[in-house]
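Visitor: Quick one: sequence and predicted model below, then my questions.
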There are 2 protein chains.
Amino acid sequence: MDLSSIEIFLAVAADRSVTKAAKAVGRVPSNVTTRIQQLEDYLGVLLFSRDGKKMTLTREGETFLTYADRLAALALEARQAVRPMRPSGTLRVGTMESTAASRLPAALSRFNQMWPDVSLQLSLGASRDLARDVLREALDCALIARPPGTMLDEDAGFEAELMELEAEPVFVEDLVLVLPPGHPSIRSAADLRVGSLAALEPGCTYRRIAESWARKSSALHTTELGSYHAILASVATGNAAGVMPKSVLDLMHWPVASPTHPLAKVETILIYRKSDRSGAFDVFHEVLEASKGSRLMAS
Amino acid sequence: MDLSSIEIFLAVAADRSVTKAAKAVGRVPSNVTTRIQQLEDYLGVLLFSRDGKKMTLTREGETFLTYADRLAALALEARQAVRPMRPSGTLRVGTMESTAASRLPAALSRFNQMWPDVSLQLSLGASRDLARDVLREALDCALIARPPGTMLDEDAGFEAELMELEAEPVFVEDLVLVLPPGHPSIRSAADLRVGSLAALEPGCTYRRIAESWARKSSALHTTELGSYHAILASVATGNAAGVMPKSVLDLMHWPVASPTHPLAKVETILIYRKSDRSGAFDVFHEVLEASKGSRLMAS
DNA sequence: AGGAAAAGATCTCAATTTTGGAATAAAATG
DNA sequence: CATTTTATTCCAAAATTGAGATCTTTTCCT
């Protein structure tokens, strides 16, 4: 039993899917399957029940999950505890609105407990702006959306900027379009029966992806809103389709079952300047790494 | 970082020697070295300082030791927690006096906490008798000394009995001769300036090893005593040399620095009947396995 | 001192394990 | 009923591990 098996198990348990977990931990599905099977026969017990293609935790799997969580946390703590230099100072982290809402809280609170001497300065913004700020050394690192291959052509400048920086995949988001309750399901933008897309600021990669998708078959304009709450409110009026990662939607207790339409899978990457990595950055990076597989919140 | 690395680290930390640790965990020294080095560069820190052949924990190593202990304990608990059947009933365990004194207490107390439903019945005795009792099904398993190769010829019957049973190495003991304070160091039994060997009952393998060693160059008789305390008291009189594993000697706060003479390395093995293994036995076996590398006591 | 002897590190090579990719099978979706 | 999604199996390549032999250093014992 080694820690990577635990990490993999955690990811599968969180996503209830081998394929998603594989993406989350940066491996190939067959490998994930193998590791889970190894874990199962090391423990002598079935961790998941596979009825069809659904992976659900067995009773024993649930039990093991609590241990796996503690094991992973303890191992992370051990690694950090032996670090010879105690990092301190300020770390300036840029992040997208969505990441700040869904994936960061758990990691940040753990980081804070572990390294009270590091003061974390969080800046929210659009991917584009964040990347520029990292380059300008106004930020030490940032979590941004990696534009999918098809979009890179449209914005060669952005791509060039990214090439200057180190980049590492951290999360994978399911970008979806949230439709008003009762809206019939759609195949393409042409089926939309709303007046506009509701999204964040122009530099937002998610917005750009949605717009580029919509352009193919319709001529919707975009309503710019300041927050995901505002977007959802706007969707509730029936006049707009909201753009956001599924993880953000899951986070809000959206009262009605809105139909959603998947737009794309978008990687969230951590970018930083290779040249100057402080001790504070190293530990932040490690804590982030450890939260890859885990569930969103303590739940 | 995987659990076997942790187990290996624990063993090296406990013994402060790669070779001893290698024996304890049943591996080859080069392997132990490699694993420690891997651990060190995974953590980015030196765990041991090697001044000469002494392996001493660095400050970081000490820190990591506390985590390693917790990690190993947690992993063991996890493995046991997912066991589908909760074992219960009675488990009859035979053990040598020496093992009961030095190596078992930690394991037994952990076992008790983990499986309060299993009542453990401990029988003390000599290896020979214990083996017979396991065969006769008067015991479920026993911890006995494996007679070294050279002694098997003298006792073909014992060997034959052992062949009927499953056997697995669990500990390695340094069998030593404890000499009275002030006794000059010896090369062979001929240098002994005492009247007798002080040992336990005749069936005791340790005693038989010592006697067979003594026979080669001297004609000492053996004083039979009932306990290791009695043996040490007898050594203190100056008239006898005591026979016991080093771990037992270390355990007693023997006031003076008695010279000791190493007699042999003797494996302690767990024997049981392959045919009937209860659930209770399986978990006992696992707890024992986990305590292989760890230090003797909580200390 | 000098010279074994012992212990740890290191090197090399074989065996095992792990990994990623393609192909396959099974199940859900529409 | 076809299409897509998902887990798994199989296979080859890569990485890790484990064992023996050798080398170096220290310790211990004349």
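Guide: Arrived safely. Residues are numbered from 1 along each chain as shown, chains lettered A, B, ... in the order given.
Visitor: Got the domain ranges for chain A?
Guide: For chain A, automatic domain parsing gives the domain ranges A:3-81, A:89-169+A:268-290, A:173-267.
Visitor: The shortest one: end-to-end distance?
Guide: If I follow you right, that is domain A:3-81. Terminal residues of domain A:3-81 are spaced 17 Å apart (C-alpha to C-alpha, to the nearest Å).
Visitor: of the domains of chain A, which approaches DNA strand C most closely?
Guide: domain A:3-81 (2.8 Å; C-beta to the nearest atom of the strand). Any C-beta I mention is one placed from the backbone N, CA and C, and that applies to glycine too.
Visitor: For the residue of the stretch 101-250 of chain A found nearest DNA strand D, which residues are in contact?
Guide: Nearest residue of the stretch 101-250 of chain A to DNA strand D: A:D174, at 10.0 Å (C-beta to the nearest atom of the strand). Applying C-beta atoms under 8 Å, 6 or more residues apart in numbering or on different chains to A:D174 gives the contacts A:245-247, A:262, A:265.
Visitor: wait, what's in contact with A:I8?
Guide: Each residue near A:I8 by C-beta under 8 Å, 6+ apart is listed here: A:21, A:25, A:27, A:32, A:35-36, A:293.
Visitor: ok, the residues you listed vs chain B, which is closest?
Guide: A:R35 (12.0 Å; C-beta to the nearest C-beta).
Visitor: Assumed that closest one was part of a strand.
Guide: No - in this structure, A:R35 is helix, not part of a strand, as judged by DSSP: H, G, I helix; E, B strand; the rest coil.
Visitor: residue ranges with poor pLDDT in the stretch 51-200 of chain A?
Guide: Along the stretch 51-200 of chain A, segments meeting pLDDT under 70 span A:149-154, A:156.
Visitor: just to revisit the earlier point, so for B:M85, which of the domains of chain A sits nearest?
Guide: Between B:M85 and the domains of chain A, the shortest separation by C-beta to C-beta is 10.2 Å, and it involves domain A:3-81.
Visitor: gap between A:L270 and chain B?
Guide: Per C-beta to the nearest C-beta, to the nearest Å, A:L270 is found 20 Å from chain B.
Visitor: Quick check: beta-bridge partners of that residue?
Guide: For A:L270, the beta-bridge assignment (DSSP bridges) gives partners A:L143, A:E168.
Visitor: The contacts of A:D174 in helices, which ones?
Guide: Under the assignment DSSP state H, these contribute A:246-247 to helices.
Visitor: Mind checking which of the contacts of A:D174 are buried?
Guide: A:245-247 (16 or more other C-beta atoms under 10 Å in any protein chain shown).
Visitor: Name the member of the contacts of A:D174 with the shortest distance to chain B.
Guide: If you rank the contacts of A:D174 by distance to chain B using C-beta to the nearest C-beta, A:S247 comes first, at 28.2 Å.
Visitor: Leaving out the residues flanking it, which one is nearest to the residue positioned nearest the centre of chain A?
Guide: Geometric centre of chain A, nearest residue: A:F171, 3.8 Å, by C-alpha atoms, centre = their mean. Distances taken as C-beta to C-beta, 6 or more residues apart in numbering or on different chains put A:T268 closest to A:F171, at 4.1 Å, once the chain neighbours are dropped.
Visitor: give me the element the one you found is part of.
Guide: Assigned by DSSP states H and E, A:T268 belongs to strand A:260-272.
Visitor: Which SSE is immediately downstream of that strand?
Guide: Next along the chain after strand A:260-272, taking DSSP H and E as the criterion, comes helix A:279-290.
Visitor: hmm, back to that, say whether DNA strand C is contacted by the strand holding A:T268.
Guide: No - using C-beta under 7 Å from any atom of the strand, strand A:260-272 stays clear of DNA strand C, coming no nearer than 10.1 Å.
Visitor: That strand: how far from the chain's middle?
Guide: Taking the mean of its C-alpha atoms, strand A:260-272 sits 7 Å from the chain's own mean (C-alpha atoms, centre = their mean, to the nearest Å).
Visitor: So whichever residue of the stretch 1-150 of chain A sits closest to DNA strand D: helix, strand or coil?
Guide: As assessed by C-beta to the nearest atom of the strand, DNA strand D sits closest to A:S30 within the stretch 1-150 of chain A, at 3.0 Å. When classified by three-state DSSP, A:S30 comes out as helix.
Visitor: Is the helix or strand A:A14 falls within positioned near DNA strand D?
Guide: Taking DSSP H and E as the definition, A:A14 sits inside helix A:3-15. No - judged by C-beta under 7 Å from any atom of the strand, helix A:3-15 and DNA strand D are separated, with a smallest distance of 7.7 Å.
Visitor: buried stuff in that helix?
Guide: Of all the residues in helix A:3-15, those buried under the rule 16+ other C-beta under 10 Å are A:3, A:5-15.
Visitor: Same check on stretch A:171-182?
Guide: Buried residues in stretch A:171-182, counted by 16+ other C-beta under 10 Å: A:171-180.
Visitor: circling back: next, format the contacts of A:I8 as a markdown table and append distance to B:E97 and pLDDT.
Guide: Below are the contacts of A:I8 laid out as a markdown table (distance: C-beta to C-beta, whole Å; pLDDT from 0 to 100):
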| residue | distance to B:E97 | pLDDT |
| --- | --- | --- |
| A:A21 | 52 | 91 |
| A:V25 | 51 | 91 |
| A:R27 | 52 | 92 |
| A:V32 | 50 | 95 |
| A:R35 | 45 | 94 |
| A:I36 | 46 | 94 |
| A:G293 | 49 | 69 |
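Visitor: Considering those, which possesses the most neighbours?
Guide: For those, neighbours were counted using other C-beta atoms under 10 Å in any protein chain shown, and A:A21 has the most, 26 neighbours in all.
Visitor: quick one: that one and A:N31 touch, right?
Guide: No - when contacts are counted by C-beta atoms under 8 Å, A:A21 is not listed as touching A:N31 (10.3 Å).
Visitor: ok, back up a step: just the buried residues of stretch A:171-182 now: which is nearest A:G89?
Guide: A:G89 lies nearest to A:F171 out of these, by C-beta to C-beta, at 26.1 Å.
Visitor: Same question for A:L249, what's its three-state structure.
Guide: With three-state DSSP as the basis, A:L249 sits in helix.
Visitor: Quick check on the nearest residue to it once chain neighbours are set aside: phi, psi?
Guide: What sits nearest to A:L249 in space, not counting adjacent residues and going by C-beta to C-beta, 6+ apart, is A:V178, at 6.1 Å. Here is the backbone geometry of A:V178 (degrees, to the nearest 10): phi -90, psi 120.
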